[in-house]
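In: compute the structure for the input listed below.
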Amino acid sequence: MALFVCRVGTPDGEVLDKEIQANSLKEAETKLKDSGYHIFSINKKIGLSLKRRKVPMKYFLVFNQEFLALVRAGIPIYNGLTLLSKRIKHPVFQKILQDVLRMVKEGDSLSDAFLAHKDRFPAVYPSVLAAGERSGSLESVLESYIEHEHLLFTTKKKLRSAFMYPAFLVLVAAMSIGVIINFVLPSFADFYKGFDRQLPAMTRAIVSLSLFVKNHLIMEAGVLLGIILGIQWMLRTDIGKHWLERGMLKTPLLKSIWREYVLSQFCRTFAILLEGGIPALDALETLAYTNPSVHFSSEIQKASEVVSSGGKISSAFEESMIVDELTLDMIRIGEESGSVPGMLKSAADYHDEDLSNLLGGVISLVAPVVLLAMGILIAGLLIAMYLPLFDITDIMS
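Out: A predicted model of the protein is given here:
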């Protein structure tokens, strides 16, 4: 599906700017007219704008759990949202819910109301709500989605935990080297000024580096800060994401971790959309712009074109560099037995387990490598500074 930016007029004479999700411009116009709006302008949204900060996942999950409980109790959606908007403590989230309430009161669907704030929530969330509304099973779709987000939240915590220890070791190593270069080496440099023999090449290089760092510390700090901010900005763009993912896919361990994570999210989200009554083609088009992998998103887009021509889902992903043979076999079995969502969930469970095993191996493999590299680097610095002392000892002997 594509996103359309619209300027419309309400029956009360109010002019609104809206965003609506649709497969085509004609479908978007039909949706707006059916909702009673007068269309002033409508254009397909193009390009990537910098995202605003998302609502914290812990607040989002609690909201959905409470919303599900209210839906199960038979409370109307508008009344339920009104109750929840008063309970939410996060100020930004509270304002968003108030705007969602306004749009629902004006006749917008719940999915369209949340779509207007799509950059604050997981990208697939409006599509999940649309699936529940279309099938009339909002309760079951929400339940599956909450389970999916819990698993995803747990997986992200595992990812952070797996790389936390190696990152801590790198930080300690950087601080240790910084102390040696800024405080220890300059003292040695002053001591060697009175040494009438030429210093070894390794020592001269280390001393020159130390003096340069000490004399240009503020400039180097500014350059380092600029590099960090530049990298953060680049990673928010499609080009930056493409280059980052390209690097990960060329690194054996990172490639496996990233592929399992992407496949798990794809299979589970695809299953939820299909269970909610979303046609396979529409579900694939939604996944094409919500998947975290830029490379896989393009593959999903190509697969949707195959499906739109009458091809099977399994056939559409046969040339994929991401989807493995096991996942393809499970999709084929699902197509033959008419249980694609169930097989996709089984595939997602498999990838979750495989991801947990891979993350367990990260600490056992990466941590010793980082410790070894840190030891070699620090040892090299110290050896370079003590080499002239060995020459002095030889002379005295």
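In: what sits up against stretch 306-324?
Out: With C-beta atoms under 8 Å, 6 or more residues apart in numbering as the test, stretch 306-324 has contacts from 259, 262-263, 280-281, 284, 293, 295-296, 299, 302-304, 327-328, 331-332, 335, 340. Heads up, the C-betas are built off the backbone N, CA and C, glycines and all.
In: what mean pLDDT does it have?
Out: In this model, stretch 306-324 carries a mean pLDDT of 87.
In: flag every buried residue along it.
Out: Judged by neighbour count (16 or more other C-beta atoms under 10 Å), stretch 306-324 contains these buried residues: 306-307, 313-314, 316-317, 320, 322-324.
In: could you do stretch 336-356 as well?
Out: For stretch 336-356, by 16+ other C-beta under 10 Å, it's 340-348, 350-352, 354-355.
In: adding distance to residue 125 and secondary structure, write the buried residues of stretch 306-324 out as JSON lines.
Out: Shown next, in JSON lines, are those (distance: C-beta to C-beta, whole Å; DSSP: H, G, I helix; E, B strand; the rest coil):
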{"residue": "306", "distance to residue 125": "27", "secondary structure": "helix"}
{"residue": "307", "distance to residue 125": "23", "secondary structure": "helix"}
{"residue": "313", "distance to residue 125": "23", "secondary structure": "helix"}
{"residue": "314", "distance to residue 125": "27", "secondary structure": "helix"}
{"residue": "316", "distance to residue 125": "25", "secondary structure": "helix"}
{"residue": "317", "distance to residue 125": "24", "secondary structure": "coil"}
{"residue": "320", "distance to residue 125": "25", "secondary structure": "coil"}
{"residue": "322", "distance to residue 125": "23", "secondary structure": "coil"}
{"residue": "323", "distance to residue 125": "24", "secondary structure": "coil"}
{"residue": "324", "distance to residue 125": "27", "secondary structure": "coil"}
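In: middle-most residue in this protein, spatially?
Out: Central residue of the chain (C-alpha atoms, centre = their mean): residue 292, 5.4 Å from the mean position.
In: state the pLDDT value of residue 158.
Out: The model's pLDDT for residue 158 equals 74.
In: nearest residue to it in space, please, no chain neighbours.
Out: If the residues on either side of it in the chain are set aside, residue 158 comes closest to residue 359, at 5.2 Å by C-beta to C-beta, 6 or more residues apart in numbering.
In: low-confidence stretches in the stretch 1-150 of the chain?
Out: Judged by pLDDT under 70, the stretch 1-150 of the chain has its weakly predicted residues at 1-3, 13-15, 23, 44-53.
In: let's see that with 90 instead.
Out: Within the stretch 1-150 of the chain, the segments meeting pLDDT under 90 span 1-62, 71, 73-74, 76-78, 84-96, 98-100, 102-150.
In: strands along that one, start to end?
Out: Taking DSSP state E, counting those that start in this stretch, the strands of the stretch 1-150 of the chain run over residues 2-9, 15-22, 38-44.
In: repeat that for the stretch 151-300 of the chain.
Out: Using DSSP E, counting those that start in this stretch, the stretch 151-300 of the chain contains no strands.
In: in it, what residue spans correspond to helices?
Out: 185-192, 201-215, 217-234, 238-249, 252-275, 280-290, 294-308 (DSSP state H, counting those that start in this stretch).
In: out of those helices, which comes closest to residue 116?
Out: helix 280-290 (16.4 Å; C-beta to C-beta).
In: the closest one - contacts with which helices or strands?
Out: Packing contacts for helix 280-290, counted by 3 or more C-beta pairs under 8 Å, 6 or more residues apart in numbering; DSSP states H and E, involve helix 125-135, helix 252-275, helix 294-308.
In: in it, what's buried?
Out: In helix 280-290, counting by 16+ other C-beta under 10 Å, buried: 280-288, 290.
In: residues touching the nearest residue to residue 234 once chain neighbours are set aside, list them.
Out: Nearest residue to residue 234, sequence neighbours excluded (C-beta to C-beta, 6+ apart): residue 240, at 3.4 Å. The neighbours of residue 240, taking C-beta under 8 Å, 6+ apart as the test, are 231, 233-234.
In: now residue 338
Out: No contacts exist for residue 338 under C-beta under 8 Å, 6+ apart.
In: gap between it and residue 192?
Out: Distance, residue 338 to residue 192, using C-beta to C-beta, to the nearest Å: 80 Å.
In: among the helices and strands packed on helix 280-290, which is nearest residue 375?
Out: helix 252-275 (21.4 Å).
In: which other helices and strands contact that closest one?
Out: helix 125-135, helix 138-179, helix 238-249, helix 280-290, helix 294-308, helix 340-396.
In: and the first one, which residues are buried?
Out: If I follow you right, that is helix 125-135. 125-134.
In: quick check: of these, which lies closest to residue 180?
Out: The closest of the buried residues of helix 125-135, once distances to residue 180 are taken by C-beta to C-beta, is residue 125, at 49.5 Å.
In: residues in contact with the residue nearest to the closest one when sequence neighbours are not counted?
Out: Closest residue in space to residue 125, ignoring its immediate chain neighbours: residue 114 at 6.1 Å, by C-beta to C-beta, 6+ apart. Shown in contact with residue 114 (C-beta under 8 Å, 6+ apart): 100, 121, 125-126, 129.
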